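K.L.:
Give me the fold of what follows.
(chains A and B)
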Protein chains: 2
Amino acid sequence: MHLPWDGLRRRQQGRLERAATLGLGRMVPAERVGQLLETVIEPGDRVCLEGNNQKQADFLARALAKVDPQRVHDLHLVQSVVALPEHVALFEQGIARELDFSFSGPQGTRLAALVGAGRIRINAIHTYLELFARYFVDLTPNVALIAAEAVDDEGNLYTGPNTEDTPAIVEATAFKNGIVIAQVNERRKTLPRVDIPAGWVNHVVVAPKPNYIEPLFTRDPAQISEIQVLMAMLVIKGIYAEYGVQSLNHGIGFDTAAIELLLPTYAASLGLKGKICTHWALNPHPALIPAIEAGFVQSVHSFGSELGMERYVAARPDVFFTGADGSLRSNRAFCQAAGHYACDLFIGSTLQIDLAGNSSTATKGRITGFGGAPNMGADARGRRHESAAWLKAGEEARQGAATMPRGRKLVVQMVETFREHMAPAFVERLDAWELAAPMGLANPPVMIYGDDVTHIVTEEGIANLLLCRDLAEREQAIRGVAGYTAVGLGRDRAKVEELRARGVIRRAEDLGIARRMATRDLLAARSVKDLVHASGGLYNPPSRFRNW
Amino acid sequence: MHLPWDGLRRRQQGRLERAATLGLGRMVPAERVGQLLETVIEPGDRVCLEGNNQKQADFLARALAKVDPQRVHDLHLVQSVVALPEHVALFEQGIARELDFSFSGPQGTRLAALVGAGRIRINAIHTYLELFARYFVDLTPNVALIAAEAVDDEGNLYTGPNTEDTPAIVEATAFKNGIVIAQVNERRKTLPRVDIPAGWVNHVVVAPKPNYIEPLFTRDPAQISEIQVLMAMLVIKGIYAEYGVQSLNHGIGFDTAAIELLLPTYAASLGLKGKICTHWALNPHPALIPAIEAGFVQSVHSFGSELGMERYVAARPDVFFTGADGSLRSNRAFCQAAGHYACDLFIGSTLQIDLAGNSSTATKGRITGFGGAPNMGADARGRRHESAAWLKAGEEARQGAATMPRGRKLVVQMVETFREHMAPAFVERLDAWELAAPMGLANPPVMIYGDDVTHIVTEEGIANLLLCRDLAEREQAIRGVAGYTAVGLGRDRAKVEELRARGVIRRAEDLGIARRMATRDLLAARSVKDLVHASGGLYNPPSRFRNW
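P.N.:
Residues are numbered from 1 along each chain as shown, chains lettered A, B, ... in the order given. Sure thing, here's the model as predicted:
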């Protein structure tokens, strides 16, 4: 016999009773949060300490890093981003022991050091939606420590524009008899809207300072180079127009910011308004403001928000998803589903691409992860709805074979042939091969597999991998746009010219793009100040982006 | 200039004001629901009339089918299931004109007739998560008509165990300035829990009768044949044990019910308890009760609920996701994400399989759709976390090539070689080829593509498609398990024996399974009454499944 059947609920009740005995009820004073954590968290618990790539439950993170490791230890952290020094400190101090995550960003080097010292066990690195999915299968948190904007007298939570991961985390935890603890910036009589119902939350603490939010998606147009303008022109004319791409996601970076800023100028001059880039799964990128103002954009659903975009978003409710209060309702889980299944194209950058088109941002000495890229940069093989772009990509991939026709997602990698410090973007072998063993992985940590990439764009042109007949052709197509890197110099010139004649490789001149036209004058905004102006003064950039 | 930027909100306000003028506020009397719909719905609106594969907003469906087509017409329905006669009647009466959906089940024949008569435009057939994803991109509803269990005085909704699609529908509609109308079974002072906050809902009507729920996942063990027992043994020993499959989803049907009923008997006798089938993305199948009672199952997250399983689920909170009230919290969007990204294996049945392994349930004269199968029966190429099963499948698929290693999802199709009326399950060419044109599709409606299938299981054995070196081998592997169908008789006997020698085809005897052992005695329950008994009297089957 299997007894009891309600062990999790009994543990939940035990935790709540221990807290109640100490007078810790729904509202917990900030100075007692450490006591609360030591009381409700048990050794070995699976804990989600909300760390998104923007919003951070930073007050709770600091409190958790200060608990007594004699009382709270061997925790298993299951959270999308390891972003704060306190996240890593948990492992250094023996409070946590195991980690399942998606992205580590600035903490990648310290994570690698912890692995080397044997102080952490990293079970797996996930794409966001994959990690959320496991919350409902085999990584359900016992305790979730989350961040919200405000709480009302009943205990309902308002997340404001940065809802992000919160609904997924709380649902998995609350409905499997876990404990949900929220830090909030303030307590209000009534909320502008309810994002998380009171019944899903056990304890709330008003933090002394507002939770930290990273303005991750802001790119200053002043830093966009003319090479990036050229590449953006290649993408717009050679891919977006060619396939009629209407629904899409852009990765973070200056390359894609350049595309966004060329929509109301270059793309409009090609007559593409209303024909491309109408529906987005995207955070509210400031660089998208001119395109929105020009009427290029019909809809944007967002993973999270972006600092400074609050008033602009609130003033454009036809475009963004907003609540009755006017502020954004983001949702990373739904937006990742949208990026996977409802978008025709994903475009992003990487650090290294190999001869088969595999790419990775994992480099030696750092353990990072890939966030949403694997989810959006993969062919959505479950997709069944047809669009012009999806069908055309599928036809090209099929190459006239008698096999069953199916559509195909466009996955574009956009890189300059050399990165900073003259590091080549193209390599014979990814660093990832050397990283598997130290990270405890059976397979190298690849961000996007070559089989899923459809196009590689550099300043030398576009390589269409769909049209390559075999791996040898794929290699030459990649070498053919790899410029003066060793990989590029190793090209078979005759084969590359054959591929160009077949349209597998297309240079600017093949697309009728004059390189001398690729100047910064084409950018719809050339500075952050221009973006503020384009927004009619609604965009309020963080001070670090203001130089006026 | 683009003006206004708040057209959707103005339309929302206009709808609400028109209703208010007529005295229609948050709570609307049942007899005035038709007036409400005629007042708030505008011609051409995108409408989600909640039709899940279980829960139905049937009262609202009947009301919508009775509105004046002069006032409400040209609607675009965006909903996962077209299940009720009223759904189809909307098109027959000119109230609706366009459809985006996932599954039609019993209405497939009438849908086909409507297409023939030119009275409907079907834009696309989706897998569930794909349709939900488009709610946030280009198919956002203007109006959502949903179903819940109860409303409280503030307007919060309690869905009870059948939450299903509701959170996804309401979030997309409410946060893009749409109108949400809920039918509920009752009004209560306080709710056992809040599933949908009041602020996300505009109008609520207490329906005269509780909403309809279809017990779709109940299979009477009395109807399981000994051939199905044999096939279940093949799957358990030849696939689940072989790969160490721990997280999985089962399709609906007697084939998979047989597997569930063999876990505590046959699988336990092989020493597999705790080694396979521990974590599930699955509705609360009654056939899983004996495995749960035997301690085989650690966790089950559900798309929806199942009638009669309420008390059993409430008594097993360590296994199921439940609310503070004890009842199930299902969520189709999260469970489909779990099925895609967090499960090592999907197994289901189909009506036709071709020589390349493509399968479909679409047949002539019916327009159906595939529900969740394309999502779960596709390789999750964005997945990055490793498991033994996923790595082994990936290694087999790679076959020693020097390409970048990656894991692979196990996707199994389980069919008897002949269906009822001696219709062969294996065909040279899918009916789907003939269905594309009448359905207005560019590509044939394939449920699961051959490239995504890893194993085909029949009473003749298991064909492992991962180990096939080319399409010709795949064809012979399929012919080799296709029995006495024309496809099976067309096999190259020498090639099939070679494949068997290589382990590509495995027969019962190759796996050490004695066919004479495959009797109904192995089933842990042989009737619905046995299931009730196994549940300790907690399972309360619908009357149609009771014959005692």
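K.L.:
Please name the residues that touch A:L282.
P.N.:
A:N249, A:H250, A:L288, A:V300, A:H301, A:S302, A:F303 (CB atoms under 8 Å, 6 or more residues apart in numbering or on different chains). Yep, even glycine has a C-beta here, placed from its N, CA and C like the rest.
K.L.:
same check, this time on A:T159
P.N.:
By CB under 8 Å, 6+ apart, the contact set of A:T159 is A:A148, A:E149, A:T166, A:D195, A:I196.
K.L.:
Run a quick neighbour tally on the residue lying closest to the last one once chain neighbours are set aside.
P.N.:
Nearest-residue entry for A:I196: A:L157, 4.0 Å, with adjacent residues in sequence omitted and distances by CB to CB, 6 or more residues apart in numbering or on different chains. As a burial measure, the neighbour count of A:L157 was computed by other CB atoms under 10 Å in any protein chain shown and equals 27.
K.L.:
still on that earlier bit, can you list the contacts of A:T159 in a markdown table and add neighbour count and secondary structure?
P.N.:
As requested, those are exported to a markdown table (neighbours: other CB atoms under 10 Å in any protein chain shown; DSSP: H, G, I helix; E, B strand; the rest coil):
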| residue | neighbour count | secondary structure |
| --- | --- | --- |
| A:A148 | 28 | strand |
| A:E149 | 22 | strand |
| A:T166 | 27 | helix |
| A:D195 | 24 | coil |
| A:I196 | 26 | strand |
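K.L.:
Make JSON lines from those residues and add pLDDT to it.
P.N.:
Shown next, in JSON lines, are the contacts of A:T159 (pLDDT from 0 to 100):
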{"residue": "A:A148", "pLDDT": "98"}
{"residue": "A:E149", "pLDDT": "97"}
{"residue": "A:T166", "pLDDT": "98"}
{"residue": "A:D195", "pLDDT": "97"}
{"residue": "A:I196", "pLDDT": "98"}
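K.L.:
quick one, what contacts A:D58?
P.N.:
Counted by CB under 8 Å, 6+ apart, A:D58 has contacts A:L84, A:E86, A:A147, A:N211, A:Y212.
K.L.:
okay but the fourth one is in contact with A:A182, surely?
P.N.:
No - counting by CB atoms under 8 Å, A:N211 stays clear of A:A182, with 10.2 Å between them.
K.L.:
more crowded one of the two?
P.N.:
A:A182 (28 against 21).
K.L.:
centroid residue for chain A?
P.N.:
A:G372 (4.1 Å; CA atoms, centre = their mean).
K.L.:
Next, work out how far apart that one and chain B are.
P.N.:
Distance of A:G372 to chain B, given as CB to the nearest CB, to the nearest Å: 9 Å.
K.L.:
May I have the phi/psi pair for that residue?
P.N.:
Here is the backbone geometry of A:G372 (degrees, to the nearest 10): phi -90, psi -10.
K.L.:
Surely it and A:H126 touch.
P.N.:
No - here A:G372 does not reach A:H126: they are 10.4 Å apart, not a contact under CB under 8 Å.
K.L.:
Distance from the helix or strand of chain A with the lowest mean pLDDT to the middle of the chain?
P.N.:
None of the helices or strands of chain A scores lower by mean pLDDT, DSSP states H and E than helix A:432-439, at a mean of 87. On the basis of CA atoms, centre = their mean, to the nearest Å, helix A:432-439 sits 23 Å off its chain's mean C-alpha point.
K.L.:
residues in contact with the residue lying closest to A:G371 once chain neighbours are set aside?
P.N.:
The shortest distance from A:G371 to any non-neighbouring residue, by CB to CB, 6+ apart, is to A:F103 (4.2 Å). Listed by CB under 8 Å, 6+ apart, the contact partners of A:F103 are A:N53, A:S80, A:V81, A:V82, A:T368, A:G369, A:F370, A:G371.
K.L.:
what do you get if the cut-off is 10 Å, keeping everything else the same?
P.N.:
By CB atoms under 10 Å, 6 or more residues apart in numbering or on different chains, the contact list for A:F103 reads A:51-53, A:79-83, A:125-128, A:131, A:361, A:368-373.
K.L.:
try A:E498
P.N.:
A:E473, A:Q476, A:G480, A:D492, A:V504, A:I505.
K.L.:
Next secondary structure element downstream of the least confident helix or strand of chain A?
P.N.:
Using DSSP states H and E, the next helix or strand after helix A:432-439 towards the C-terminus is strand A:455-458.
K.L.:
So which elements touch that next one?
P.N.:
helix A:226-235, strand A:345-348, strand A:410-414, strand A:461-464, helix A:471-479, strand A:505-506 (3 or more CB pairs under 10 Å, 6 or more residues apart in numbering or on different chains; DSSP states H and E).
K.L.:
Alpha carbons of the fifth one, in PDB - could you do that?
P.N.:
What it means is helix A:471-479. Output of helix A:471-479 as PDB, limited to C-alpha atoms (Å, rounded to 0.1, in the frame of the first residue of the first chain):
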ATOM      1  CA  LEU A 471      26.000  18.700 -46.100                       C
ATOM      2  CA  ALA A 472      28.800  19.500 -48.500                       C
ATOM      3  CA  GLU A 473      26.800  22.200 -50.200                       C
ATOM      4  CA  ARG A 474      25.700  23.500 -46.800                       C
ATOM      5  CA  GLU A 475      29.300  23.800 -45.800                       C
ATOM      6  CA  GLN A 476      30.200  25.800 -49.000                       C
ATOM      7  CA  ALA A 477      27.100  28.000 -48.600                       C
ATOM      8  CA  ILE A 478      28.300  28.900 -45.100                       C
ATOM      9  CA  ARG A 479      31.900  29.400 -46.200                       C
END
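K.L.:
Is the helix or strand following it in proximity to chain B?
P.N.:
Scanning forward in sequence from helix A:471-479 by DSSP H and E, the next helix or strand is helix A:486-489. No - Helix A:486-489 does not reach chain B (CB under 10 Å from any CB of the partner chain); its nearest approach is 16.2 Å.
K.L.:
now the very next helix or strand once past helix A:486-489: mean pLDDT?
P.N.:
Going down the chain from helix A:486-489, the next helix or strand is helix A:493-501, by DSSP H and E. The average pLDDT for helix A:493-501 rounds to 98.
K.L.:
Go through stretch A:255-274 and flag the buried ones.
P.N.:
For stretch A:255-274, burial by neighbour count (16 or more other CB atoms under 10 Å in any protein chain shown) applies to A:255-268, A:272-273.
K.L.:
Hmm, I typed the wrong one, I wanted stretch A:282-298.
P.N.:
A:282-294, A:296-298.
K.L.:
What is the nearest of those to A:N202?
P.N.:
A:N283 (30.1 Å; CB to CB).
K.L.:
Hmm, that closest one is touching A:F217, no?
P.N.:
Yes - in this structure, A:N283 is within contact of A:F217 by CB atoms under 10 Å, at 4.6 Å.
K.L.:
okay, and the common contacts of the two?
P.N.:
By CB under 10 Å, 6+ apart, A:N283 and A:F217 have these common neighbours: A:N53, A:Q54, A:H250, A:I252, A:S302, A:F303, A:G304, A:S305, A:E306, A:M309.
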